[in-house]
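*Asks:* structure for the following, please:
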Amino acid sequence: SVTQKIRVADTIAPVPPTAPGNIFVECNKLGFPPDDYYALDNCSGSILGSMTSTRTPVGLTGYEETRIWTFTDASGNS
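*Replies:* Numbers count the residues shown, from 1 in each chain. You can find the predicted model right below:
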């Protein structure tokens with residue numbers, strides 16, 4: 001007799017989309033709605049990114065917001 005074992009594992013991280021371009025806004029009073037970005041994964045398909053943001057003061061009344069999207073597939077690859 002002969003035996004064959006097949007191990008299936010997802011070890012490849014999702015492929016993130018291109019980051020949105022930097023923007024400059026004058027007197028933003030309403031805030032920025034978060035954008036939804038999706039990555040493509042070889043096993044999980046389309047994955048919605050999880051966004052975090054930080055704000056850094058600029059001048060007396062301005063700020064710069066940095067947004068980071070993280071894409072994690074069903075196997076924990078990000």
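
*Asks:* what's the nearest residue to Thr72 if we skip its chain neighbours?
*Replies:* Ser78 (4.1 Å; Cβ to Cβ, 6 or more residues apart in numbering). To be clear about C-beta, it is placed using only N, CA and C from the backbone, and glycine gets the same treatment.

*Asks:* roughly how far does the one you found sit from Gly49?
*Replies:* Separation of Ser78 from Gly49 (Cβ to Cβ, to the nearest Å): 10 Å.

*Asks:* between those two, which is the more surrounded one?
*Replies:* Using other Cβ atoms under 10 Å as the criterion, Ser78 and Gly49 rank with Gly49 on top: 20 against 14.

*Asks:* was I right to think Ile12 contacts Asn42?
*Replies:* Yes. With contact defined as Cβ atoms under 8 Å, Ile12 counts as touching Asn42 (5.2 Å).

*Asks:* what does stretch 59-71 contact?
*Replies:* Residues outside stretch 59-71 that contact it (Cβ atoms under 8 Å, 6 or more residues apart in numbering) are 13-14, 16, 19, 32, 34, 37-39, 41, 47, 49-58, 78.

*Asks:* are any of these buried, and which?
*Replies:* Ala13, Pro14, Pro16, Tyr37, Ala39, Asp41, Ile47, Gly49 (16 or more other Cβ atoms under 10 Å).

*Asks:* what's the most distant pair in the residues you listed?
*Replies:* The span of the buried ones among the contacts of stretch 59-71, defined through Cβ to Cβ, is set by Ala13 and Tyr37 at 15.1 Å.

*Asks:* now the nearest residue to Phe71 once chain neighbours are set aside: which helix or strand?
*Replies:* Nearest residue to Phe71, sequence neighbours excluded (Cβ to Cβ, 6+ apart): Ala39, at 3.6 Å. Using DSSP states H and E, Ala39 falls within strand 38-41.
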